[in-house]
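[1] Sequence plus predicted model, see below.
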Amino acid sequence: MAAHVSKIAESVEKHREAKGDHGRVLLSQVDDLLIALNLCPAGSKNEFHYHKGSSQSFLCVEGQMTVRTKETESAEPVAHHLTAGMCVLVPANQYYQLHNESDKTAILYQVKAPGDQIVVEGKGAINNRDYFTKENTEKMRQGTI
């Protein structure tokens with residue numbers, strides 16, 4: 001496979017036209033690496049979870065984001081407050097939560113190994129397709145999940 005070049009601004013604009021200010025914009029993917037942008041509107045929040053066997057990084061491109069991490073399900077979370085230009089690396093099998101506590105959309109540049117399973121706090125391992133449904137995605141966008 002040849003190298004792949006992504007036009008980030010164009011990709012974000014196309015996504016916003018089609019789906020609004022929430023969701024993931026896939027920029028590139030090969031067998032062992034995925035690069036995407038996460039658009040997180042004001043107030044959006046997901047559940048504590050991790051992607052089985054996959055470390056990942058988030059670079060805040062625009063806005064502000066709180067990333068909470070914890071090594072086990074019962075551990076106390078540690079809050080990491082990101083602003084544009086800051087990044088966080090979440091080790092494999094460590095729980096994390098993204099929460100946009102600001103009043104503006106945040107954009108995160110995400111890099112991780114692709115995987116098929118997500119482990120959600122209190123719910124265990126779930127197939128990605130069964131977890132990332134339209135209903136769950138809407139709850140995350142609204143911060144009600």
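    Nice, I can see it.

[2] give me the beta-bridge partners of L39?
    G23, I107 (DSSP bridges).

[3] what about it, neighbour count?
    24 (other C-beta atoms under 10 Å). Any C-beta I mention is one placed from the backbone N, CA and C, and that applies to glycine too.

[4] That one contacts T105, doesn't it?
    Yes - counting by C-beta atoms under 8 Å, T105 is a contact partner of L39 at 6.2 Å.

[5] Paired strands for the strand or helix carrying V61, with orientation please.
    Element membership of V61, judged by DSSP states H and E, is strand 56-62. Strand 56-62 has the following strand partners under DSSP bridges: strand 87-90 (antiparallel), strand 106-112 (antiparallel).

[6] Just the CA atoms of the last one, as PDB, please.
    This means strand 106-112. Below are the C-alpha coordinates for strand 106-112, written out as PDB (Å, rounded to 0.1, in the frame of the first residue of the first chain):
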ATOM      1  CA  ALA A 106     -13.400  20.300  20.400                       C
ATOM      2  CA  ILE A 107     -11.500  18.400  17.700                       C
ATOM      3  CA  LEU A 108      -9.200  15.600  18.700                       C
ATOM      4  CA  TYR A 109      -6.600  14.000  16.400                       C
ATOM      5  CA  GLN A 110      -6.600  10.300  17.400                       C
ATOM      6  CA  VAL A 111      -4.100   7.600  16.600                       C
ATOM      7  CA  LYS A 112      -4.500   4.000  17.600                       C
END
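
[7] For the strand holding V61, the averaged confidence score.
    Mean pLDDT, computed over strand 56-62, is 96.

[8] Return the distance of that strand from the chain's centre.
    9 Å (C-alpha atoms, centre = their mean, to the nearest Å).
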